[in-house]
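*Asks:* Can you look at this prediction? I've put the sequence above it.
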Amino acid sequence: VTFIQIDQAIERIRAKQFLIVVDDEDRENEGDLVIATEAITPEAVHFMIKQAGGIMCAAMTKQRLAELDLPLLEAQKPDLDRCQFTITVDAADRFGVVTGESAHERAITLKALANPETGASDFLRPGHVFPVQAQDGGVLKRTGHTEACVDLAHLSGFSPAGVLCPILRDDGQMARLPDLEKLSAKWDIPIMSIADLVTYRLEHEGLVHSVKTSTYPSKFGDFELTEYRNDINDSVYMAFAMGNLDDSPTLVRVHAGCMGSDLLFSRNCDCGSELEAAFQAIAEARHGALIYIVRPEDTGSNILACTSEHSDRRDYGLGAQVLHDLGLNQIRLLTNRTAQRAALSGYGLEIVEKVSLPIPKRAG
Ligand SMILES: [Zn+2]
């Protein structure tokens, strides 16, 4: 499958056109037709209902939903993975809406939802349009179609609201990638991946900020320690730097904190040995940086399990931003993994070399 580049996707949304947006295979693995709400027309609504066939929704921010007094439907149990539906709406009579059902009238309601001039009293409840609430922080917070929709509208210069409609096959089953490819060709609408949108935002938005710097005396020597926070989650990035950091090739370790192995001598994984070897390598070179990631969600019930497998492109994307902030450009990455850390090579960073870490064989 060829996914459209994100800058081209943004151009398309700005030009009031549709995109097919797909999420990861390990998530819903479904494709939605997406358009900015400000760009909606009766023809566009009709196309979505007839051709996509799923439940058409209006993706909106928490802030806007609060302004319009549209609360979430009460869930049996709160679950961020499920669609965050609010009470349904129609635009009020004075907008020319009679039943609210036709493509024409749903387009009026959708436009009214995105119009900053409208308020809570401009809508009747319940109605024929289904608003869904996007998480603040968009795809960086939750990699769903709702968040992608809001992010795309915002990045295109529209008010942060989009219309989405899941795509069904002719036999009524959910369309998967091979089906979506055929529809993409038939409709002449490109496919965009939410994973690419996550990477794009991590590469284009400054999301980390340093909060304090101090000298850190370690058994390997003195490091300059800078603590970073970020705008997406509560993770803390501790940057241990030695020597003058610049854009020359520099030894770097990005280490996802693994309490069992790093601190408590677990034999489940090699994280602790790698951490020690990385500190040693940087100290011997008297030049380099080690980023230690503390994720609060890892300190829950399963505190001793190896957590490095749970780290995703967001964790490493933010790590890349920290490295960028430290002035680094060319990375000699200290790692024993063969898999590429794609997100680390974004944000102006180039991995020029992978340096493996000598670690003792784990006792069985
Ligand atoms: Zn581990």
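*Replies:* Structure received. Residues are numbered from 1 along each chain as shown.

*Asks:* Run through the residues of the protein sitting next to the ion.
*Replies:* 258, 261, 269, 271, 306, 308 (C-beta under 5 Å from the ion). Using the backbone N, CA and C atoms, a C-beta is placed for each residue, glycine as well.

*Asks:* Most neighbours among those residues, which one?
*Replies:* residue 258 (27 neighbours; other C-beta atoms under 10 Å).

*Asks:* show me the contacts for it.
*Replies:* Residues near residue 258 by C-beta atoms under 8 Å, 6 or more residues apart in numbering: 269, 271-272, 306-308.

*Asks:* Any chance you could give me the longest helix anywhere in the chain in PDB, C-alpha atoms only?
*Replies:* Assignment by DSSP state H gives helix 271-285 as the longest helix of the chain. Provided in PDB are the C-alpha atoms of helix 271-285 (Å, rounded to 0.1, in the frame of the first residue of the first chain):
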ATOM      1  CA  CYS A 271      17.800  -3.700  30.300                       C
ATOM      2  CA  GLY A 272      19.900  -3.200  33.500                       C
ATOM      3  CA  SER A 273      23.100  -4.600  32.000                       C
ATOM      4  CA  GLU A 274      22.600  -2.500  28.900                       C
ATOM      5  CA  LEU A 275      22.000   0.600  31.000                       C
ATOM      6  CA  GLU A 276      25.300   0.100  32.900                       C
ATOM      7  CA  ALA A 277      27.200  -0.700  29.700                       C
ATOM      8  CA  ALA A 278      25.800   2.500  28.100                       C
ATOM      9  CA  PHE A 279      26.900   4.700  31.000                       C
ATOM     10  CA  GLN A 280      30.300   3.100  30.900                       C
ATOM     11  CA  ALA A 281      30.700   3.600  27.100                       C
ATOM     12  CA  ILE A 282      29.800   7.300  27.300                       C
ATOM     13  CA  ALA A 283      32.100   7.800  30.300                       C
ATOM     14  CA  GLU A 284      35.000   6.200  28.500                       C
ATOM     15  CA  ALA A 285      34.400   8.400  25.400                       C
END
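
*Asks:* Which residue is the nearest non-sequential neighbour of residue 246?
*Replies:* Using C-beta to C-beta, 6 or more residues apart in numbering and skipping the chain neighbours, the partner closest in space to residue 246 is residue 327 (5.8 Å).

*Asks:* separation between residue 265 and residue 211?
*Replies:* 31 Å (C-beta to C-beta, to the nearest Å).

*Asks:* Revised request: answer the last question for residue 360.
*Replies:* 35 Å.

*Asks:* circling back: and the two most separated of the residues of the chain next to the ion?
*Replies:* 261 and 308 (8.7 Å; C-beta to C-beta).

*Asks:* Could you tell me which residues touch both of those two?
*Replies:* Common neighbours of residue 261 and residue 308 (criterion: C-beta under 8 Å, 6+ apart): 269, 271.

*Asks:* Pairing-wise in the sheet, spell out the partners of the residue lying closest to residue 3 once chain neighbours are set aside.
*Replies:* Nearest non-adjacent residue to residue 3, counting by C-beta to C-beta, 6+ apart: residue 193, 4.5 Å away. Beta-bridge partners for residue 193, by DSSP bridges, are residue 22.

*Asks:* Distance check, residue 193 against residue 36.
*Replies:* Taking C-beta to C-beta, one finds residue 193 at 19 Å from residue 36.

*Asks:* what helix or strand is residue 358 on?
*Replies:* Assigned by DSSP states H and E, residue 358 belongs to neither a helix nor a strand.

*Asks:* Not counting its neighbours along the chain, what's nearest it?
*Replies:* residue 277 (5.9 Å).

*Asks:* Please enumerate residues in contact with the helix or strand of the chain with the lowest mean pLDDT?
*Replies:* Every helix and strand of the chain was ranked by mean pLDDT, DSSP states H and E. The lowest is helix 313-325, at a mean of 89. With contact meaning C-beta under 8 Å, 6+ apart, helix 313-325 is reached by 140, 195, 198-199, 202-203, 206-208, 210, 228, 230, 232-233, 235, 237, 239, 252, 254, 256, 289, 291, 293, 295, 331, 341-349.

*Asks:* Looking at these, which are in strands?
*Replies:* 208, 210, 228, 230, 237, 239, 252, 254, 256, 289, 291, 293, 331 (DSSP state E).
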